[in-house]
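Asks: The following block contains a protein sequence and its predicted model.
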There are 2 protein chains.
Amino acid sequence: MTFHTFSETQLRNFTEAVFLKMECPAQDAQLAADVLLRSDLRGIDSHGVARLSGYVRLWEKERINATPDIRVVHETATTATVDGDAGLGLVVAPFAMKIAIEKARTYGSGWVAVKNSNHFGIAGYHALMAVAEDMVGISMTNASPLVAPTYANERLLGTNPMCYAFPAGKYPPLVVDMATAAAANGKLEIAQRSGASIPEGWAQDASGNSSTDPHQLKQGGSLLPLGSDKEHGSHKGYGLSATVDILSAVLSGANYGPWVPPFVAFLEPSKNPVGEGLGHFFGAMRVDGFRPADEFKEHMDNWISRFKNAKTIDPEKQVIIPGEPETLFEAERKINGIPLIDVVVNDLNELALKLGISGLGI
Amino acid sequence: MTFHTFSETQLRNFTEAVFLKMECPAQDAQLAADVLLRSDLRGIDSHGVARLSGYVRLWEKERINATPDIRVVHETATTATVDGDAGLGLVVAPFAMKIAIEKARTYGSGWVAVKNSNHFGIAGYHALMAVAEDMVGISMTNASPLVAPTYANERLLGTNPMCYAFPAGKYPPLVVDMATAAAANGKLEIAQRSGASIPEGWAQDASGNSSTDPHQLKQGGSLLPLGSDKEHGSHKGYGLSATVDILSAVLSGANYGPWVPPFVAFLEPSKNPVGEGLGHFFGAMRVDGFRPADEFKEHMDNWISRFKNAKTIDPEKQVIIPGEPETLFEAERKINGIPLIDVVVNDLNELALKLGISGLGI
C-alpha cells in the first residue's frame, strides 16, 4: 500500500469542485466538503474523501438531489421532523442540527428527526456543532443493512452509529462516536485488500457460522452487533442499533431495518419502501440547563484527568479518552497533511477525469 | 438451589412493610415497593426484592434518607436538575421522570439530571412511565465502580445501564434496557453460588488478565465493558458507560467514576467526594412531536413483525424483540407468582425478624 499526502486545502478545493460539478449550490458544496475533510483530518479515513465517488454515483442514479428543498414538516417547541428532500446527508444533517441548537438556545433542549436523507459522513461532525455552543451534542443515523441481530441469519440493521459529545475545559471535547456493530465495515475492507483474516466475532458467513474470512460479507454473510455473540452481550449491540434505527427512521418517517437504501449505487433500493430515504436523529442540550457551564467543564476536566491517569495493565498504554485520538490526528494532519492510499488517489483522479476538473496531480 | 413461589400481592405487602419500618412515608413505601416488584415480575430477579435488605443496610448506615426533601435545584423550560436529598432512588427516580414527562407534555421534550440519589432499581420502570403517555422514555444511572475501561487495571465505572423505551401498537413496548458491561454483576454472583466458571471476556483478575473465575471480582479484579476486549470493541462499551456517567453525574453534580458511592453498605463511600450521592438521567419525548402517534405505532408494529419473522440460524430460535422476554415474564408471573431462591427467602425472613414484621411464612 502506497500513501500520498495532500494538504487540507488541496483536498478541500478538490472536494468542493466535485460537489460543484454535481450542481450543488456553492454554500452546500463548501459545507459538504467541510464534513468530509473533517473526517480525513480526524483520522476516520473510511468516511472522508474516500467516499466522494460514492456520493457522485448516487447522484448519477438520481438518488441524491443536489438542489434539495430541505424543510421542517412537523414541529413542537423542542422537537422537529425535517424532510431532507433526498439531499446530501452532508448538507441535510447540519441543517437539522442547527434547528436542534436553536431550540436548545431558547428552551434548554432541541431534538430533530430527519427523513428522506442520505449518508451524513461522521456522526461526530454534527454532535460537535452543539459542543461549540456549550451544549451536549447527540447524533445518530441508520445505514445500509449489513448487520444480523442476535440469532438472525439476515442483514437487518446498519452499523448504525451513535455519537455523544461533551464540552470540557482545558481538555478537548469528549466525543463518543461509535458504530453499534462489533467492527465497522471499513475494517473488513482493509482486511479484504491486504488478504488478512479477521478476528472471530466480527462477522458470520451465509450459514450463520462465525467466520474469520473478510470476504464472507460479500458472499451472503453479515456483520455482528457489538458484543459479537449472545454470551458476550450481542443482544445489547443489537438493542443499541435498534434504538438508533427507531429514533432515526420510525420517528421521522424514513426507511428502517432491511428497507434502508444501500449506500452503494449498484444495489437498488427496495421497491416497496416503508418510508423516505434514510434517517438521522440529532439532539442538543444546554449544559447550563443543568448546572453552570464552568462548573460542568471543571468536573469534565477532573473526569478526564482521573481516567487518563488510571492504573493500566501495560504501563506503556494509557486509558484513552473517547475522542482524544481524533483530536490528536486533527492537530497533526492540519500541519502535515492528509495521507491517502493509492487506491483512493486513483479513484479520485478517475472521478476528476470524468467530471472534467483538475486531478490531484499524482 | 430451591425455589419458593410467592404471589405478587404477598411480596408487595411484605416489601411495603419493610419500607414503612424504614420510616418512609406511606406513599413512598408503596412506590418503592412497586419499582422492586416490577423487576421481579419482569424476570430481572437481581434488581427486585433480592436487594431489599441492601437498601435497609444503607438506611441503617444513614446513607439513605427515608424522608427526603426531593426538589428541583436548577431549571429551564425543558431541562432540570433534581436534588434527591439522599432519598431512595426508587422514589427519587419516578419524581424526576414525572418532571421530564410534564415538560414533554408542554414543550415536546423534557430532560432531568439527578444528583444525591441512591440505586434506582431497574431502568426500564422509569422509561416505561413515559411510554404510557405515548412518549419515548429514556433512563440511565451510574453505579458502584466495578468495570475497568479498556487498558485499565482499575474499577472506574459502574455497569451503568441505559434504557430506551418506545410505544408500539398491537405489540408491547420495545424496551432496550441494558448494562453497558459485557455481563451484569448478577451473572457473576450466580456463577459464584453454583461454583461454575464464567466465559472469557466478562472479567479480568487483579493483574488485568482475562479470567474465567467468578470470584476474581472480589479479589481485586474488574468486570469488562461490553465488547470485552479492544479487538471486539470494548472501547465502545467503555464509551457508552462514560456517556451514562457524564449525563447522570457530571451534568447533575453527583459523584462520578471511581467516586460513586458503593451499593454495599460494608464499603465506605469516598472521603473526598466530587459530588453528592450517585446520579441518574431521564428523558421523555412526545412521539407526536415528530409524527402522528398512530403512524409511529403502526411502523413500530411493522418493525417488530419484520424482526420477529427474520430468517434465523437455528430454526428453533426466533430473533428476540428487546423487552419481549420481560413482557412475557410479567404476564406469566402475575398469574403464577414470583419464584425466589432460598438464599433470598432466608435473607428476607431474617430482615423481617430484625424489623419486627411478619416473615414470608416459609
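Replies: All right, it came through fine.
Asks: all strands for chain A, in order.
Replies: In chain A, the segments counted as strands under DSSP state E are A:3-6, A:71-75, A:79-83, A:109-117, A:135-141, A:162-166, A:174-178, A:203-204, A:210-211, A:222-223, A:278-286, A:338-341.
Asks: would you turn those into JSON lines with distance to chain B and mean neighbour count?
Replies: (Glycine included, C-beta is placed from N, CA and C.) What follows is the strands of chain A, written out as JSON lines (distance: least, Cβ to the nearest Cβ, whole Å; neighbours: other Cβ atoms under 10 Å in any protein chain shown):
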{"stretch": "strand A:3-6", "distance to chain B": "24", "mean neighbour count": "14"}
{"stretch": "strand A:71-75", "distance to chain B": "6", "mean neighbour count": "14"}
{"stretch": "strand A:79-83", "distance to chain B": "3", "mean neighbour count": "25"}
{"stretch": "strand A:109-117", "distance to chain B": "5", "mean neighbour count": "30"}
{"stretch": "strand A:135-141", "distance to chain B": "7", "mean neighbour count": "29"}
{"stretch": "strand A:162-166", "distance to chain B": "5", "mean neighbour count": "27"}
{"stretch": "strand A:174-178", "distance to chain B": "4", "mean neighbour count": "25"}
{"stretch": "strand A:203-204", "distance to chain B": "8", "mean neighbour count": "26"}
{"stretch": "strand A:210-211", "distance to chain B": "10", "mean neighbour count": "19"}
{"stretch": "strand A:222-223", "distance to chain B": "10", "mean neighbour count": "25"}
{"stretch": "strand A:278-286", "distance to chain B": "6", "mean neighbour count": "30"}
{"stretch": "strand A:338-341", "distance to chain B": "22", "mean neighbour count": "20"}
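Asks: TSV please, covering these and showing mean pLDDT.
Replies: Below are those laid out as TSV (pLDDT from 0 to 100):
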stretch	mean pLDDT
strand A:3-6	96
strand A:71-75	98
strand A:79-83	98
strand A:109-117	98
strand A:135-141	98
strand A:162-166	98
strand A:174-178	98
strand A:203-204	97
strand A:210-211	94
strand A:222-223	97
strand A:278-286	98
strand A:338-341	96
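Asks: and residue A:42, which of those strands is closest to it?
Replies: strand A:174-178 (9.0 Å; Cβ to Cβ).
Asks: how deep is residue A:288 tucked in, by neighbour count?
Replies: 17 (other Cβ atoms under 10 Å in any protein chain shown).
Asks: Likewise for residue A:254?
Replies: That count, for residue A:254 with other Cβ under 10 Å as the rule, works out to 32.
Asks: Kindly report the same for the one 4 residues further on.
Replies: Residue crowding around residue A:258 was assessed by other Cβ under 10 Å; the count is 17.
Asks: how does chain A divide up, domain by domain?
Replies: Chain A breaks down into these domains under automatic domain parsing: A:1-67+A:336-362, A:68-182+A:227-308, A:193-223.
Asks: centre of the chain versus the helix or strand of chain A with the lowest mean pLDDT, how much separation?
Replies: Here the helix or strand of chain A ranked lowest by mean pLDDT, DSSP states H and E is helix A:185-194, holding a mean of 83. Put simply, helix A:185-194 sits 17 Å off its chain's centre (Cα atoms, centre = their mean, to the nearest Å).
Asks: is any part of it close to chain B?
Replies: No - judged by Cβ under 8 Å from any Cβ of the partner chain, helix A:185-194 stays clear of chain B, getting no closer than 10.1 Å.
Asks: Pull out the buried positions in that helix.
Replies: Within helix A:185-194, the residues that qualify as buried are A:185, A:187, A:188, A:190, A:191, counting by 16 or more other Cβ atoms under 10 Å in any protein chain shown.
Asks: Show me the helices in chain A, by range?
Replies: A:8-21, A:26-41, A:52-60, A:89-107, A:123-131, A:185-194, A:234-245, A:293-308, A:324-336, A:342-355 (DSSP state H).
Asks: most tightly surrounded among the ones you listed?
Replies: helix A:234-245 (a mean of 28; mean count of other Cβ atoms under 10 Å in any protein chain shown).
Asks: who's in contact with the residue nearest to residue A:33 when sequence neighbours are not counted?
Replies: Leaving aside its sequence neighbours, residue A:33 sits nearest to residue A:15 (Cβ to Cβ, 6 or more residues apart in numbering or on different chains; 4.0 Å). Contacts for residue A:15 were tallied using Cβ atoms under 8 Å, 6 or more residues apart in numbering or on different chains; they are A:32, A:33, A:36, A:37, A:49, A:52.
Asks: run the last query once more with 6 Å
Replies: Contacts for residue A:15 (Cβ atoms under 6 Å, 6 or more residues apart in numbering or on different chains) come out as A:33, A:36, A:49.
Asks: Closest one of these to residue A:166?
Replies: residue A:36 (24.3 Å).
Asks: residues contacting the closest one?
Replies: By Cβ under 6 Å, 6+ apart, the neighbours of residue A:36 are A:15, A:48, A:49.
Asks: Ok, residue A:249 next?
Replies: A:142, A:256, A:279.
Asks: Closest one of the contacts of residue A:36 to chain B?
Replies: Distances from chain B to the contacts of residue A:36, taken as Cβ to the nearest Cβ, are shortest for residue A:48 (20.9 Å).
Asks: Can you name the residues of the stretch 101-250 of chain A that neighbour chain B?
Replies: Selection of the stretch 101-250 of chain A residues close to chain B by Cβ under 6 Å from any Cβ of the partner chain yields A:107-109, A:111, A:113, A:149, A:151-154, A:156, A:164, A:166, A:176, A:178, A:182, A:199, A:201, A:208, A:226-228, A:231-233, A:236, A:239, A:243, A:246, A:250.
Asks: quick one: the most centrally placed residue in chain A from residue A:58, how far?
Replies: Central residue of chain A (Cα atoms, centre = their mean): residue A:122, 3.0 Å from the mean position. Look at residue A:122 and residue A:58: by Cβ to Cβ, to the nearest Å, they are 18 Å apart.
Asks: Many thanks, have a good one.
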